[in-house]
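**Q** predicted model and sequence follow; I will ask about them next.
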There are 2 protein chains.
Amino acid sequence: MTPSPAAARPPARAATIYEVARLAGVSHQTVSRFMADRSKLKASTSEKVERAMAELNYSPNLTARSLRTKAAYRVLALVPGSSPYFPSRMLNGAAAAAREAGYHLDVVALEGAGPERTERLRGILDGGPFAGALSFVPISGTDLLQAQERIPVVVAGEYDDKMRGRGRISDGSAAQAIVEHLAALGHRRIAHIAGPQEWPAARNRLAVYRKAVHDAGLEDCGVAEAEWSAASGYTAAQTLLANPSFTAVFAANDHLAIGAIRALHDHGLRVPADISVVGWDDHPESAFLVPSLTTVHMDLEAQGSRAMEQLIAALNPGNTPPPEPGPTGMRLVLRESSGPAPKHGQAD
Amino acid sequence: MTPSPAAARPPARAATIYEVARLAGVSHQTVSRFMADRSKLKASTSEKVERAMAELNYSPNLTARSLRTKAAYRVLALVPGSSPYFPSRMLNGAAAAAREAGYHLDVVALEGAGPERTERLRGILDGGPFAGALSFVPISGTDLLQAQERIPVVVAGEYDDKMRGRGRISDGSAAQAIVEHLAALGHRRIAHIAGPQEWPAARNRLAVYRKAVHDAGLEDCGVAEAEWSAASGYTAAQTLLANPSFTAVFAANDHLAIGAIRALHDHGLRVPADISVVGWDDHPESAFLVPSLTTVHMDLEAQGSRAMEQLIAALNPGNTPPPEPGPTGMRLVLRESSGPAPKHGQAD
DNA sequence: CACAATTATGTGATCGATAACATGAGGCGT
DNA sequence: ACGCCTCATGTTATCGATCACATAATTGTG
């Protein structure tokens, strides 16, 4: 309950504006003004302050500043705690964007579910002050509203009401490209291994998959929901193989695809000769697998920084228009794991 | 220069100790004492304060507290910015341990090299206050000393002078198990794909590899240094294949192993029939590759939390003994990518 | 029961910055 | 030369907590 962190070794006491002021022969407020907008000072004064700052190696105490101004210099990034499948590159992108805008980034794992999750989220927000929060994990509607009461919250991959239609379609749009690609290779019967449906990205991919299969006049041979992991992909593929009428599998990410390929392998099926497999995310190692993975390349750093820019735009209303929340540099990458549909249906 | 984050929507003004005090009919200091150690208050007073806090939904302003006490409630985690190969599970472990101890965790990417890196590090520390820092990236000796002047810094995988001998050996100790495993399979000529040598882990694995090869009376057929990526592993393996006298490759992590296997594949060599490959880290998908990867399982969460506990121990001297910085749950996992050495030397 | 020792609570100062207001110096028109 | 306005700067209050000290309430003891 009571936090007990201690200031161990006092870090070589830093100079304050008062010391700078005394050394420069001005008042502390002048020093404060120097930091806010030096152009408002007489050139000679400005110089004196600058010299004093340099000499004392001054850097402002953000804690004090924040106490007075109530402005927060930190934004919160919520990441999955248990899932090792979170693309840290998204986080890197977000961190860079935050830094760029002068914010610090606190990364906190949000775990649990239900009321426990709600409570954890509250605890995290209490730990603030935060200027805003960017979540890479799904947040339930009520939790989101509750959090929004305190600070602006952006959920990456989720779009506000205005953007919803476009956002949803464009985020999953590559799923259409995948289906068309498979159709062009002669596949008529396709199955999908979907990600956890509380994730917007997983929902989008599934929705677009369904629509595209229908539009192309293909047959949907089943959707298996899975976690984001290879192990889960393996299991899901086994489930689908109970009724193996398809010649191609579209997995919602590369990990799932790896698990699926292994399951097919264990089932005596060759990829892509017997069954094609397509993934999503283009992990750096996907190009080096045997067979290398046909997948959707994503610029994850860019997605992360976009999401952060969206949040920052929400923090400084009127300053800058929020960036389009759409997809960023998505493209289908054709590799070995997808090939022509087998001539005589599937060898079983 | 001047940071310009703004407090957008004022977050529904939070209650202060003064308001709690007034509602409870006590002084603000009593409220403060309640938080510090409620047992010092009369039971009746304590109850009044508790009720008032609950009613006002009070949570303390950490900024103000921190300004007064100078205690920092945040610790810094330095992660690689550019490398997507950083195991985020280590970060999760560290974050959990920090949270457990009542600290918040700021995750910041440390990029660049040389003087630029030094400057960035300084800038990050200025952004504090931080109670301490945990680095998952290599830090040069001078930079480390400079940072240590301000706050305690622990570099994960690096050990202080007392621990050095033991730490180095134990961190890389599984390398010995690998070499012995390969020797038992009849391999006499081995090559190593090493990680970037500025990383302690990479150095440790290489050092133990060299020693183990020598001790087992095997032949070291070359060491290729690489980045941590699959692409780099591919290139390194190609280099090694210029003089293909070995029958087994030990890669410093699973990504490198994946790249190496692909290079062997492209070279017309089968794994493990012609050449065995062993990785390190046991990524969750390594068990599902074809062939599945013989590798060293690591409890990365535990490593991360251990490192954080080490830091926290340094922050609260005398409180708790720092945990052993040694290996955590490391074990060799035998899978398909390693097998008996080919009978008649290597097929080329 | 009185008086000291102890415990519980209140009052004012403080951390280091910015906000709000006050003051002094200079410029300029009449 | 006077007053008014502007600009540069100084003085004091303030953010929300804890610290240091003062004082009131309680306990123990002969």
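**A** Received it, and whenever you're ready, just let me know what you need.
**Q** for A:Val333, see how far away the nearest residue to A:Leu334 once chain neighbours are set aside is.
**A** Of all residues beyond its chain neighbours, the one nearest A:Leu334 is A:Thr294 (5.4 Å), with distances taken as CB to CB, 6 or more residues apart in numbering or on different chains. (Glycine included, C-beta is placed from N, CA and C.) In this structure, A:Thr294 and A:Val333 are separated by 7 Å, where distance is defined by CB to CB, to the nearest Å.
**Q** between these two, which is the more surrounded one?
**A** Under the neighbour definition other CB atoms under 10 Å in any protein chain shown, A:Thr294 and A:Val333 were set side by side, and A:Thr294 has more, 26 against 15.
**Q** quick one: low-confidence parts of the stretch 151-300 of chain A?
**A** Flagging of the stretch 151-300 of chain A using pLDDT under 70 yields the residue ranges A:157-172.
**Q** dump the residue contacts of the residue nearest to A:Leu334.
**A** Remark: with contacts taken as CB atoms under 8 Å, 6 or more residues apart in numbering or on different chains, A:Thr294 is in contact with A:181, A:276-279, A:332-338.
**Q** so which bits of chain A are right by DNA strand D?
**A** By the criterion of CB under 7 Å from any atom of the strand, the positions of chain A lying close to DNA strand D are A:25-30, A:33, A:40-42, A:44-45, A:64, A:67-68, A:70.
**Q** check whether the helix or strand hosting A:Ile190 contacts chain B.
**A** Here A:Ile190 is covered by strand A:189-194, with elements defined by DSSP states H and E. No: legend: contact between strand A:189-194 and chain B by CB under 8 Å from any CB of the partner chain is lacking; minimum distance shown is 13.1 Å.
**Q** same check on stretch A:238-256?
**A** Yes: applying CB under 8 Å from any CB, one finds stretch A:238-256 in contact with chain B at A:His255.
**Q** neighbours of the nearest residue to A:Gly339 once chain neighbours are set aside, how many?
**A** With sequence-adjacent residues excluded and distances taken as CB to CB, 6+ apart, A:Gly339 is closest to A:Pro272, at 3.4 Å. Using other CB under 10 Å, the number of residues around A:Pro272 comes to 23.
**Q** please identify the helix or strand for the closest residue to A:Leu332 other than its chain neighbours.
**A** Take A:Leu332 and drop its neighbours on the chain: the residue closest to it by CB to CB, 6+ apart is A:Ala177, 4.7 Å away. Counting by DSSP H and E, the element that carries A:Ala177 is helix A:164-184.
**Q** please apply the same query to A:Leu105.
**A** When secondary structure is defined using DSSP H and E, the element that contains A:Leu105 is strand A:104-110.
**Q** again with A:Val31
**A** Using DSSP H and E, A:Val31 falls within helix A:28-37.
**Q** against A:Met330, how distant is A:Leu300?
**A** A:Leu300 sits 11 Å away from A:Met330 when distances are taken as CB to CB.
**Q** give the residues shared as contacts by the two.
**A** Common contacts of A:Leu300 and A:Met330, defined by CB under 8 Å, 6+ apart, are absent altogether.
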